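Student: Return atomic coordinates for the entry below.
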Amino acid sequence: MHRTKFVCILATGLFMPCVAIAQQAASKADSVPAVAGLPPAARAAAGSIDPEKMRAHVRFLSLDLLEGRGPGKRGAELAAEYIATQFALDGLEPAGDNGSYFQNVPLIAVHTIEDKTKFALVPSSGQPLDLTYGSQIVSKDETGQATADFDAPIVFVGYGIHAPEYNWDDYAGVDLKGKIALVIVNEPPSDDERFFKGKTMTYYGRWTYKYEEASRRGALGVLIVHRTDLASYGWQVVQNSQAIEKSYLAGDPLDTLRAAAWIQHDVAQKLFTMAGLGDLDQEIEKAGKLGFHAQELNVRLKAHVESRVRKYVSTNVVGRVAGASAGPENAVLYTAHYDHLGIDPDAKGDGIYNGAADNGTGCGILLELARAFAQSAERPPHAMYFSAVTAEEQGLLGSQYLGEHPPVPAHDISLDLNYDMLLPIGVPLSASLGGAERTDFWPQIQMVAKDFDLKLVPDSQPSAGHYYRSDHFSLARVGIPAFSIDNGDLYEGHDEAWGRAQSEDFVAHHYHQPSDEYHADWNFSGNAKMARFGFVLGWLASEQSKPVEWQSGDEFEAARKTSEKSRE
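Tutor: The predicted model follows:
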């Protein structure tokens, strides 16, 4: 029997004429535009990306069986094994530790025991104010100790930022050693692009930066003041994220805080009243202007903290598709996190955080991209790497470890394309690629987007700092040009208001909640379109004669130059 005909019969399980199968393949390829510089074989491979395969991956990864894919738990191990098995079936080479698909990520998990943990604000005179854990304060002991007792002075340090390039130092003249830093979430408001990038948040506004900077200065703890408009999410998101285990990279020198905490806005107002500072929001406004000076308050934070602590190893799953060139340079990396929030042991009712959209959808896209590249009739110009990373929900920890231990040196990776939570609600006609404009690959991206009938839209909430909240940021920090590919608000058959309403409803009612579950009526055709778009971008980036670079003056340019010097 002719081999082609035999393969057709095996692939279908039916005696379907091969002409019909070829027509099906051609119709899929037709969904990929004839992009300049894209070989026909690459176009066909991109066209083979199948939305129903994505559906199957998302459905499995979000089953109750996987128990919310909490890192270090059985469900996450099942998810990692599933992804590695798919890589193997599709023909990817292992690119993890010791010839395996797995890269070990050493972690420490901390779960605050709520009913045994006590916090109180203690003024120099007057009655202490006991705080209710969960509704008023949430906290983790980053050091991984089982118990901690402390009674430390609180220092209000405004936004808690030291930014010499903006002539800004909230810590000027302050000794934080052994003290609690009270900080505001986000960063000083600005309409000037030359000052904290105007309305676009820089990394200085992220809560992770607040902890890192205070740790560098020897603080015992940090209290971040939550305000919904500044955080871009409600208190419930903070509460849900902290009600369960929080993990830390083992040995991270900046994980030193005994109280990495948030306090609710009304509690912060009571603290300010105790300290004689008056209206909280007025003080926040003052802290956002030049001339602010930190001050130690006449209030202390007293605490007894008990934690369940476990040391464990989770894994990134890493596979490779060899390129036509044997050299390591100009490689492209695709990433998506596979972890979610696990199970809330204290929940009443459904406590499984299934994470179907966040980030089962990104994993479904990653797996289809890997399969399409591996089974392409023509190899990509250079190697393609695919990594499903762990512990994203814990603070981008898996991707941080991947960035610090990449499968090839960072200077040889031309681009990272990340996928995180693409709602499968239809075929998008717009795309959000926050950060792509910061690279010299941007003109090529614009042309490909036009070919895909995708209107590129700016971040609708630049003050929310979305760029620093997904795994591509971990790769950017080590210099690799990186961004996430996401849907915009415009979909076929609908206006932008409809798409915006779908996104807002998901964030309000399902984001980081047990109700983020798989739905049989989800439409994955749009996710397939965004995967094909990313396939083409990755192929073209790999095809360039030189690697992608950051735009001159970008905050990550220095890290890129440092990594390139290591090549010399």
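Student: List the contacts of the residue nearest to Val305 when sequence neighbours are not counted.
Tutor: Leaving out its chain neighbours, the residue that sits closest to Val305 by Cβ to Cβ, 6 or more residues apart in numbering is Ala148, at 4.5 Å. C-beta here means a position set from N, CA and C on the backbone, and glycine is covered the same way. Applying Cβ atoms under 8 Å, 6 or more residues apart in numbering to Ala148 gives the contacts Asp141, Arg258, Ala259, Ala303, His304, Val305, Ser307.
Student: Tell me the one of the residues you listed nearest Ile413?
Tutor: Asp141 (35.2 Å; Cβ to Cβ).
Student: what's around that closest one, how many residues?
Tutor: The number of residues packed around Asp141, counting by other Cβ atoms under 10 Å, is 26.
Student: Show me the strands in the stretch 151-300 of the chain, by range?
Tutor: Secondary structure of the stretch 151-300 of the chain (DSSP state E, counting those that start in this stretch): strands located at 162-163, 168-169, 180-184, 221-225, 246-249, 259-263, 295-321.
Student: Run me through the strand neighbours of the helix or strand that the longest one is followed by, direction for each.
Tutor: Spelled out, it's strand 295-321. Heading C-terminal from strand 295-321, the first helix or strand you meet, by DSSP states H and E, is strand 331-337. Note on strand 331-337: by DSSP bridges, its sheet partners are strand 384-389 (parallel), strand 413-418 (parallel).
Student: Pick the most deeply packed of the strands of the stretch 151-300 of the chain.
Tutor: Greatest average neighbour count among those goes to strand 180-184 (a mean of 28), per mean count of other Cβ atoms under 10 Å.
Student: Give me the residues contacting that strand.
Tutor: Outside strand 180-184, the residues within contact range by Cβ under 8 Å, 6+ apart are 152-160, 170, 210, 214, 217, 219-225, 227, 230, 259, 268, 271, 284, 287, 297, 300-301.
Student: In stretch 120-129, which residues are buried?
Tutor: Of all the residues in stretch 120-129, those buried under the rule 16 or more other Cβ atoms under 10 Å are Ala120, Leu121, Val122, Pro123, Leu129.
Student: Bridged to the residue lying closest to the last one once chain neighbours are set aside, which residues?
Tutor: Read that as Leu129. Among residues not flanking Leu129 along the chain, Leu121 sits closest, at 4.5 Å (Cβ to Cβ, 6+ apart). When bridges are taken as DSSP bridges, the partners of Leu121 come out as Leu129, Leu301.
Student: Does Leu121 touch Gln136 like I think?
Tutor: No: counting by Cβ atoms under 8 Å, Leu121 sits too far from Gln136 to count as a contact (10.1 Å).
Student: shared neighbours of these two, which are they?
Tutor: Counting by Cβ under 8 Å, 6+ apart, the shared contacts of Leu121 and Gln136 are Val267.
Student: does Gln145 count as helix, strand or coil?
Tutor: When the structure is split into helix, strand and coil by DSSP: H, G, I helix; E, B strand; the rest coil, Gln145 lands in coil.
Student: which residues are contacting the strand or helix carrying Met447?
Tutor: Using DSSP H and E, the element containing Met447 is helix 442-451. Helix 442-451 is contacted from outside by 33-36, 431, 433, 436, 455-456, 533, 536-537, 540-541, 551, using Cβ under 8 Å, 6+ apart.
Student: If we use 7 Å, what do you get?
Tutor: Under the contact criterion Cβ atoms under 7 Å, 6 or more residues apart in numbering, helix 442-451 has outside partners Pro33, Val35, Ala431, Leu433, Ala436, Leu456, Phe533, Val536, Leu537, Leu540.
Student: what's the answer for stretch 279-293, then?
Tutor: Contacts made with stretch 279-293 from outside it, assessed by Cβ under 7 Å, 6+ apart, are listed as Gly158, Tyr159, Asp170, Ile184, Pro188, Pro189, Ala268, Gln269, Phe272, Leu277.
Student: Next one: the last one from Leu129, what distance?
Tutor: To Leu129, Leu277 is 15 Å away according to Cβ to Cβ, to the nearest Å.
Student: How about the fourth one?
Tutor: Ile184 sits 20 Å away from Leu129, going by Cβ to Cβ.
Student: swap in the third one?
Tutor: For Asp170, the distance to Leu129 equals 25 Å [Cβ to Cβ].
Student: Pull the number of nearby residues for Gln446.
Tutor: Neighbourhood size, Gln446 [other Cβ under 10 Å]: 14.
Student: On the pLDDT front, check it for me.
Tutor: With respect to pLDDT, Gln446 has a value of 98.
Student: Over to Gly13?
Tutor: 34.
Student: picking that back up, correct me, but the residue nearest to Leu129 touches Val299?
Tutor: Yes: using Cβ atoms under 7 Å as the test, Leu121 is close enough to Val299 to be in contact (5.5 Å).
Student: burial of Arg560, as a residue count?
Tutor: A count of neighbours around Arg560, defined by other Cβ under 10 Å, yields 21.
Student: quick one: secondary structure of it?
Tutor: Secondary structure state of Arg560, per three-state DSSP, is helix.
Student: could you point out the longest helix in the chain?
Tutor: Secondary structure assigned by DSSP state H gives helix 525-543 as the longest helix of the chain.
Student: Could you tell me the angle between it and strand 331-337?
Tutor: Between the direction of helix 525-543 and that of strand 331-337, the angle (axes from the mean of the first three to the mean of the last three Cα atoms, to 10 degrees) works out to 150 degrees.
Student: then helix 525-543 to PDB, C-alphas only?
Tutor: This file holds the C-alpha atoms of helix 525-543, laid out as PDB (Å, rounded to 0.1, in the frame of the first residue of the first chain):
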ATOM      1  CA  SER A 525     -11.600  29.100  17.300                       C
ATOM      2  CA  GLY A 526     -10.300  32.400  18.500                       C
ATOM      3  CA  ASN A 527      -7.600  30.800  20.600                       C
ATOM      4  CA  ALA A 528      -6.500  28.900  17.500                       C
ATOM      5  CA  LYS A 529      -6.300  32.200  15.600                       C
ATOM      6  CA  MET A 530      -4.100  33.700  18.300                       C
ATOM      7  CA  ALA A 531      -1.900  30.600  18.300                       C
ATOM      8  CA  ARG A 532      -1.500  30.800  14.600                       C
ATOM      9  CA  PHE A 533      -0.600  34.400  14.900                       C
ATOM     10  CA  GLY A 534       2.000  33.600  17.500                       C
ATOM     11  CA  PHE A 535       3.400  30.700  15.300                       C
ATOM     12  CA  VAL A 536       4.000  33.100  12.500                       C
ATOM     13  CA  LEU A 537       5.600  35.700  14.700                       C
ATOM     14  CA  GLY A 538       8.000  33.100  16.200                       C
ATOM     15  CA  TRP A 539       8.900  31.700  12.800                       C
ATOM     16  CA  LEU A 540       9.700  35.100  11.400                       C
ATOM     17  CA  ALA A 541      11.700  36.100  14.500                       C
ATOM     18  CA  SER A 542      13.700  33.000  14.200                       C
ATOM     19  CA  GLU A 543      14.300  33.700  10.500                       C
END
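Student: Many thanks, we can stop here.
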